[in-house]
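**Student:** What follows is a protein structure lacking sequence information:
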C-alpha cells in the first residue's frame, strides 16, 4: 500500500500555485547548498550544486580560525565576503560553505586579509566607493576573529585619502624584510606605487607614508588577445585595471611579483633577483606558468596556498574578465593549478577551472519548475542571460534538468543544454513560463526576452513527450520595452490566466485576459501595477503563500532582493499589501520560483541569481500531525492508491483510505477531480461516520454535468475535514 501521510502536499495544487501549506506570516526558509543531488550532463555530481555560481571571484586562502588549515574567502556578489570553512586537514581540504556574508562585513570589488599590526591575527582591507579603501581591525584573536570598521576611508600619514584611481586589487607585503607590511598599488599607467608602513595611530589604524609611484622602475605594458592566442612582448603600451600578488615562489627568501592586467590574457611574472633587504624586480615572462600559460579573457587575480600540505605553493586564479572576453569567463573563472614540481622549481599543472564545483550556466539565471514529462515529479528548466556555447555567445538557451528521482527525493540531471533546439542571433535574457495557452491539456511555453517582447513555443507533442516549436515570435504584439519577465495567473477569478510582466525599469506591467481560457487575448491594463518600483529589473511570481485561497505576489529584483506582497483581498478582487515580515538574504538579480520540491506540503524557494547558478532555500515549516493520546493509538494517516488503469479510457478506479480521530475528520470527506488548469471537473462527498475508512470511486471520464471531458492530464484530491489532503495524477488517453 502506497501511503501518503496527511501532511503531503498535492501535486495538482503545486502545479497551479493554489492551496499551499505555508504558515501565514512565518517563513522559516533555510539556505541549503546541497539539499539533493544535481548532476551534470556526464552524470557527475556537483559538490556545491546550489551555491549560485560565480562571475568575477576575488579569492584568498587564510587560516582564519588558527587550526593550521587554510579557509577560503571569496568576493563575488553583493559587496560581501563568502566564507568556506576548511573542515578537512592540511593534506586533504574539505571546504564547507557557511555564509555569503561573512560577519556582515561590507566590501566592494576586492578584499585582502593581512596582519598589518603584527598581533598574529588577520586584519582586513576592502574596496570602498571611488577607489578608496576600508580598514577593518581585528579586535578578536587568532582563533576567534572579530572585525571592527576602524577607518573608512583609509588615509595616508599626510591625511589624504589613499585612492586606487580605479578598480585595481592592491597588495600588502614585507618587501624589505623589516617585519612590516608595505602597501603596493598598481597604477592606471602601468607602474607600481609604494607606501611605507609607519606604525599605528591613536585608533590602532595603520599609517602609510607615500614613497614612490615608480617602484623598481617597473612599467607594465601589455595587450589583450583572443583566448588561445599568443601575447607579444612590447606590443604598444596598453595597460589597465590590475592585481598584484607578492610571493616567494622560488624559495630564495625574497618576494617575487605577479601581475594580472585587464589587457593580459595570461599572468605577468616578475622575479626578484635581489635579496631580502635589497629587492631587484623585473619582468621575467608575460605568459605564466611557462609550460602551460594561463589563457583567459583577462584581468587575472593570482593567489597562492599550500592546499595539499606538501610544503610548496599551489596556484589559484580568480578570473575577472578583461579585454579578451568577459562573457566566456562567467562560468570557468576559479582556476586551480597544482604544483607538481618542487618548492624551488614549481611546475604548475592546471587541474580544473571551477575549483568550487557548482552548477553555473553563465549569468543572470531564471528557473522554472514543472512536471514536463508527466511522471509525477517536478523537472527543472534554467535560462541565462546569454549562453556560452551559443553562436557568437549572443543567444539565450533553455537548459533542461530532468528529475530522475521522485517527488519526495528529487535528483536532477542535466540532459539538454538547448532544450528548444532554437537559436536566433541576439535573442537574449530568456524568461520561461509554462502554461497551457490553448487549453489542449499540455504545457506550452512563453519566453520573455531582452527586447521586451514575448515568444510563444507551442507544444506539438503529448503530455508525456512534449515537443516545442516556435509559434509566434512576438506573441500578441506585446512589447514592454526591455527585459520582459512574464508570469501568468488568474488574478481576477474568471477562470482564465492574466499576465504580469516585469521589466528592466523595475515596474510591473499588467495585461488582463479579455479572451477565454483556450483563446486568451491579453490587453494592457497598466504599465505600473500598484506603482511598484523595484529599482532595476523585476521578476514577478504568484503563489498562495498564506493558504487563504488567493494568489500572493513575489517579486525579485536586481539589487533589492525578493519581496512579498500578500493578497488581503479575494480571488476576484486582490488587494496586495507589502509584507515586512518576509525577508530573504539578498542576492544580485533575484528571479524567484516557489515549488514543493520534496512534497512535504510546504513551498521551497529557488532563486535564479547573477552568478549563473541557483540558490535554494528549504522551507523548514514543521507539518504538525495528531500525536497519539496513548501508546495503543496509531498515528493519523491519509492515503491514496494510484488509480487503475492509468492511462485510462473511458473509466478508472481511485482507491483511498484514512485513519483519523473522528473529531478531527468531522463532517464530510471529499474527492475532487481537476483539469490541468485547476478547474473542477467532478466531485464526490461522503459522510465521515467512523475513524477508519477505505473506499473506491470510479470515474467515467465525464464532468459534473455528464459531458465527456477531453483527453489529457487530470488530478484527483482527497480532502478530509478542513486539514488533511492527499492527491494523485492520471492521464485520460482517447
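**Tutor:** Good, I have the coordinates. A quick note: this is a predicted structure, and the numbers were derived from the prediction, not measured.
**Student:** Show me the shaky parts of the protein.
**Tutor:** The chain contains residues with pLDDT under 70 at 1-27, 223-237, 621-640, 642, 660-667, 689-692, 722-724.
**Student:** Nearest to the spatial middle of it, which residue is it?
**Tutor:** residue 614 (2.8 Å; CA atoms, centre = their mean).
**Student:** where's the closest residue to residue 704 other than its chain neighbours, which helix or strand?
**Tutor:** In space, and not counting its chain neighbours, residue 704 is closest to residue 682: 5.5 Å by CB to CB, 6 or more residues apart in numbering. C-beta: built from backbone N, CA, C; applies to glycine. Element membership for residue 682 (DSSP states H and E) is strand 680-687.
**Student:** about what we covered before: looking at strand pairing, list the partners for the residue nearest to the centre of the chain.
**Tutor:** residue 608 (DSSP bridges).
**Student:** Residue 419 against residue 399, yeah?
**Tutor:** Yes: counting by CB atoms under 8 Å, residue 419 does reach residue 399; the two are 6.7 Å apart.
**Student:** Parallel or antiparallel, list what pairs with the helix or strand hosting residue 283.
**Tutor:** Residue 283 is located in strand 281-288, with elements delineated by DSSP H and E. Paired strands of strand 281-288, with direction, are strand 267-272 (antiparallel) (DSSP bridges).
**Student:** and the partner strand, which residues are buried?
**Tutor:** Neighbour-count burial for strand 267-272 flags 267, 268, 269, 270, 271, 272 (criterion: 16 or more other CB atoms under 10 Å).
**Student:** Present those residues as CSV; the columns should include distance to residue 555.
**Tutor:** Formatted as CSV, the buried residues of strand 267-272 follow (distance: CB to CB, whole Å):
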residue, distance to residue 555
267, 43
268, 46
269, 49
270, 50
271, 54
272, 54
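**Student:** What is the nearest of these to residue 715?
**Tutor:** residue 267 (58.1 Å; CB to CB).
**Student:** Tell me which residues touch the closest one, please.
**Tutor:** By CB atoms under 8 Å, 6 or more residues apart in numbering, the contact list for residue 267 reads 258, 259, 260, 287, 288, 289, 293, 294, 300, 302, 317.
**Student:** quick one, what contacts residue 354?
**Tutor:** Residue 354 neighbours (CB under 8 Å, 6+ apart): 331, 332, 333, 334, 360.
**Student:** Go again with 10 Å.
**Tutor:** 46, 47, 48, 53, 54, 331, 332, 333, 334, 335, 336, 360 (CB atoms under 10 Å, 6 or more residues apart in numbering).
**Student:** Mind giving me the packing neighbours of whichever helix or strand comes after the strand holding residue 682?
**Tutor:** Sequence order places strand 692-699 as the next helix or strand after strand 680-687, per DSSP H and E. For strand 692-699, the packing partners by 3 or more CB pairs under 10 Å, 6 or more residues apart in numbering; DSSP states H and E come out as strand 637-640, strand 652-659, strand 668-675, strand 680-687, strand 712-720.
**Student:** Those: which one's closest to residue 308?
**Tutor:** strand 637-640 (52.1 Å).
**Student:** Next, format the helices and strands packed on strand 692-699 as TSV and append mean neighbour count and distance to residue 38.
**Tutor:** TSV is the format used below for these (neighbours: other CB atoms under 10 Å; distance: least, CB to CB, whole Å):
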stretch	mean neighbour count	distance to residue 38
strand 637-640	22	29
strand 652-659	19	34
strand 668-675	19	31
strand 680-687	14	36
strand 712-720	23	26
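**Student:** circling back: take the contacts of residue 354 and write them to a markdown table, including distance to residue 556 and secondary structure.
**Tutor:** Shown next, in a markdown table, are the contacts of residue 354 (distance: CB to CB, whole Å; DSSP: H, G, I helix; E, B strand; the rest coil):
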| residue | distance to residue 556 | secondary structure |
| --- | --- | --- |
| 46 | 23 | coil |
| 47 | 26 | coil |
| 48 | 22 | coil |
| 53 | 16 | coil |
| 54 | 19 | coil |
| 331 | 21 | coil |
| 332 | 26 | coil |
| 333 | 24 | coil |
| 334 | 26 | strand |
| 335 | 31 | strand |
| 336 | 32 | strand |
| 360 | 19 | coil |
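**Student:** just the buried members of those residues?
**Tutor:** Counted by 16+ other CB under 10 Å, those give 46, 48, 53, 54, 331, 332, 333, 334, 335, 336, 360 as buried.
**Student:** ok, back up a step: okay, and which of the contacts of residue 267 map to strands?
**Tutor:** Among these, the members falling in strands (DSSP state E) are 258, 259, 260, 287, 288, 300, 302, 317.
**Student:** which one of the residues you listed has the most neighbours?
**Tutor:** Counting neighbours by other CB atoms under 10 Å, residue 300 comes out on top of those with 30 neighbours.
**Student:** circling back: could you identify the most distant pair in the buried ones among the contacts of residue 354?
**Tutor:** Applying CB to CB across the buried ones among the contacts of residue 354, the maximum distance is between 46 and 335, 17.8 Å.
**Student:** Tell me the secondary structure of residue 555, please.
**Tutor:** When classified by DSSP: H, G, I helix; E, B strand; the rest coil, residue 555 comes out as strand.
**Student:** What's the local residue count around it?
**Tutor:** Residue 555 has 26 nearby residues by other CB under 10 Å.
**Student:** so it touches residue 579, yeah?
**Tutor:** No: if you go by CB atoms under 10 Å, residue 555 and residue 579 don't touch, sitting 11.5 Å apart.
**Student:** Now list whatever residues contact both of the two.
**Tutor:** What both residue 555 and residue 579 touch, as defined by CB under 10 Å, 6+ apart, is the set 563, 564, 565.
**Student:** now those in a markdown table, with secondary structure, distance to residue 646 and neighbour count?
**Tutor:** Below are the shared contacts of residue 555 and residue 579 laid out as a markdown table (DSSP: H, G, I helix; E, B strand; the rest coil; distance: CB to CB, whole Å; neighbours: other CB atoms under 10 Å):
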| residue | secondary structure | distance to residue 646 | neighbour count |
| --- | --- | --- | --- |
| 563 | strand | 41 | 21 |
| 564 | strand | 37 | 22 |
| 565 | strand | 39 | 22 |
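**Student:** Can you tell me which of those is nearest residue 436?
**Tutor:** Among the shared contacts of residue 555 and residue 579, and counting by CB to CB, the member closest to residue 436 is residue 565, at 25.9 Å.
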